[in-house]
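Engineer: My questions concern the predicted model and sequence given below.
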Amino acid sequence: MSGPEELVGAAQLAYFHGRDRDAVALCEQALDLLDAEPVRRPEPRVRALHVLLSATQRWWGAEGSPQRPTAELVAAVLATADDSGDPLLKSMARHARGAYLIASNSLPEAISVLEEAVRYARVSGDPLAQVDAIAELGHHMAGRDLHRTLELLTEAHALVDGLDSRDIGVLVRSGRIAGFLGVGHFDAGNFDEGESWLRRALADLETAGILDQFLMMSNYLGQLLVAAGRFAEGREVLGRAIDRTPRESDASTHLGYNLGLLGKLELESGRPAEAAGPINEGWRHLRQTRHASVRPILRNYLAELLIHPGYERRDPAAADRLLVENEEDARRTGFLRSELNALILHAQVRLELGDLPGAVTLAEQAATRLEKAGALPALRSEEVHLVHHDVLRRAGRDADAQRALARARDILLAKAETMADPEHRRVFLTRVPVSAAILAATDRWS
């Protein structure tokens, strides 16, 4: 009969390869054996709970997972680690809690907890704990400070690069960090460097059969390809990820996000009829999992569908209500990227509904907060300034509008310069609706 350590090791492998339910069952067996032991052993218990939390992540929501209430698992791993006094276990527990807070509560609180995880990992001296904590903090720091994100992820990459890549745990972390670096560079506006890191991550993860991370990195590459206007490539990447996602009765955040992004791609390519199905299905998943970082992104996609001029069930009034809700949701959870996206969509809705003063207020709020925050993940800065321009132009504030348009154009052209392939630059500047609108407005108002 296998002992707890062997069961946790088997659970970790099952999780890496996408067999989440097998991983959960193995962790439950390990915890039952540990409960039966006369002396409590904190290290295998923390490791079992850590893997259990990882394996249930795609089901996480405000109410927990289908196996055990997630909040109880998080409380248990924290209590066990803190009672032990071991900095390694304290780091692992805070890593798990930080990831849970991203999904269920708020970004600022999660970052504070992840900073603690990094501090304990450094004290422990354990290289894998340091890689995990630094990478997780770096990835989520993008919502507040992209420069710091890239610093932390570069440090994590240097650490993992010095470990034995034949070990599957090292390989998983290497692919994860490469993907995080890729999306970090993309968020900063560096398309070619972002794509290079993401394709490297996907190739390594797919070769090793690491499903969970493969699905996540496919989403990030899909975001880049959508933003670049390379829609056929984006459909292929997202379609492969969707096809490889296990189909189960439980809702899945991974599946919901990838479906929603596929719908966003179809909106960008001018096919709202093809966008409706994936966006609505993705939103169904996120209404169930209620993942705090992804839920407002899907709600924005749905609002964008409802105001698309080619959508046969177009409903600006419904979009208006949805965006009010999304602004409140994103503000409460601290996901500024989604709040600013909601604000610029809302400004367009209020403009259409005849509320010019309301549209001006929303657009100015988005532009002012963006300038203060700098570049943000999952947000096109040039689009914020374009909407600001459009609204100000309608309000007769031509000088202010011209400044907003110049800012949008500068950001757009700077992004284009990061693409070495002239065809990629041409596609980005002509096929992406926001890009084309910025250049058309520049020609009109120059």
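Structural biologist: Yep, it's here.
Engineer: The residue nearest to Ala110 when sequence neighbours are not counted: what's it in contact with?
Structural biologist: Excluding its sequence neighbours, the residue lying closest to Ala110 (Cβ to Cβ, 6 or more residues apart in numbering) is Leu101, at 3.8 Å. For glycine as for every other residue, the C-beta is placed from the backbone atoms N, C-alpha and C. By Cβ atoms under 8 Å, 6 or more residues apart in numbering, Leu101 lies in contact with Glu109, Ala110, Val113.
Engineer: helix or strand for the first one, which one?
Structural biologist: What that stands for is Glu109. helix 107-124 (DSSP states H and E).
Engineer: Going by contacts, tell me the helices and strands next to that helix.
Structural biologist: helix 87-104, helix 127-140 (3 or more Cβ pairs under 8 Å, 6 or more residues apart in numbering; DSSP states H and E).
Engineer: Next up, phi/psi of Ala317, please.
Structural biologist: Torsion angles at Ala317 (phi, psi; degrees, to the nearest 10) stand at phi -70, psi -40.
Engineer: how close does it sit to Ala303?
Structural biologist: To Ala303, Ala317 is 11 Å away according to Cβ to Cβ, to the nearest Å.
Engineer: Same question for Gly229.
Structural biologist: Separation of Gly229 from Ala303 (Cβ to Cβ): 22 Å.
Engineer: tell me the mean pLDDT for stretch 200-207?
Structural biologist: Stretch 200-207 carries an average pLDDT of 93.
Engineer: Give the buried residues for it.
Structural biologist: Arg200, Ala201, Leu202, Asp204, Leu205, Glu206 (16 or more other Cβ atoms under 10 Å).
Engineer: Give me the residues contacting stretch 240-259.
Structural biologist: Outside stretch 240-259, the residues within contact range by Cβ under 8 Å, 6+ apart are 18, 20, 57-61, 66, 103, 211-212, 214-216, 218-219, 222, 238, 262, 278-279, 281-289, 291, 294, 297-298.
Engineer: among those, which are in helices?
Structural biologist: Secondary structure defined by DSSP state H assigns 20, 103, 211-212, 214-216, 218-219, 222, 238, 262, 278-279, 281-289, 297-298 of those to helices.
Engineer: Quick one, which of those are buried?
Structural biologist: Looks like those have 20, 103, 211-212, 214-216, 218-219, 222, 238, 262, 278-279, 282-283, 285-286, 288-289, 297-298 buried, using 16+ other Cβ under 10 Å.
Engineer: re earlier: give me the more crowded residue out of Ala317 and Ala303.
Structural biologist: Ala303 (27 against 11; other Cβ atoms under 10 Å).
Engineer: Quick check: the more buried one touching Arg321?
Structural biologist: No. If you go by Cβ atoms under 8 Å, Ala303 and Arg321 don't touch, sitting 9.3 Å apart.
Engineer: Secondary structure element holding the nearest residue to Leu376 once chain neighbours are set aside?
Structural biologist: Sequence neighbours aside, Arg337 is the residue nearest to Leu376 in space, at 4.3 Å (criterion: Cβ to Cβ, 6+ apart). Under the criterion DSSP H and E, the helix or strand holding Arg337 is helix 336-352.
Engineer: Could you do Glu304 as well?
Structural biologist: Using DSSP H and E, Glu304 sits in helix 295-306.
Engineer: neighbours around the residue nearest to Leu376, how many?
Structural biologist: 23.
Engineer: Next: Asp32.
Structural biologist: Asp32 is flanked by 12 other residues according to other Cβ under 10 Å.
Engineer: Flag every buried residue along the helix or strand it falls within.
Structural biologist: If you go by DSSP H and E, Asp32 is part of helix 20-36. Buried positions in helix 20-36, judged by neighbour count with 16+ other Cβ under 10 Å: 20, 22-31, 33-34.
Engineer: And stretch 148-157, by the same measure?
Structural biologist: Thr149, Leu150, Leu152, Leu153, Glu155, Ala156, His157.
Engineer: Now do the same for the last one: helix, strand or coil?
Structural biologist: Using DSSP: H, G, I helix; E, B strand; the rest coil as the criterion, the local structure at His157 reads helix.
Engineer: From Glu151, how far out is it?
Structural biologist: 11 Å.
Engineer: What strand or helix carries the closest residue to Trp197 other than its chain neighbours?
Structural biologist: Distances taken as Cβ to Cβ, 6+ apart place Gly182 nearest to Trp197, at 3.2 Å, with adjacent residues excluded. For Gly182, the host element (DSSP H and E) is helix 168-187.
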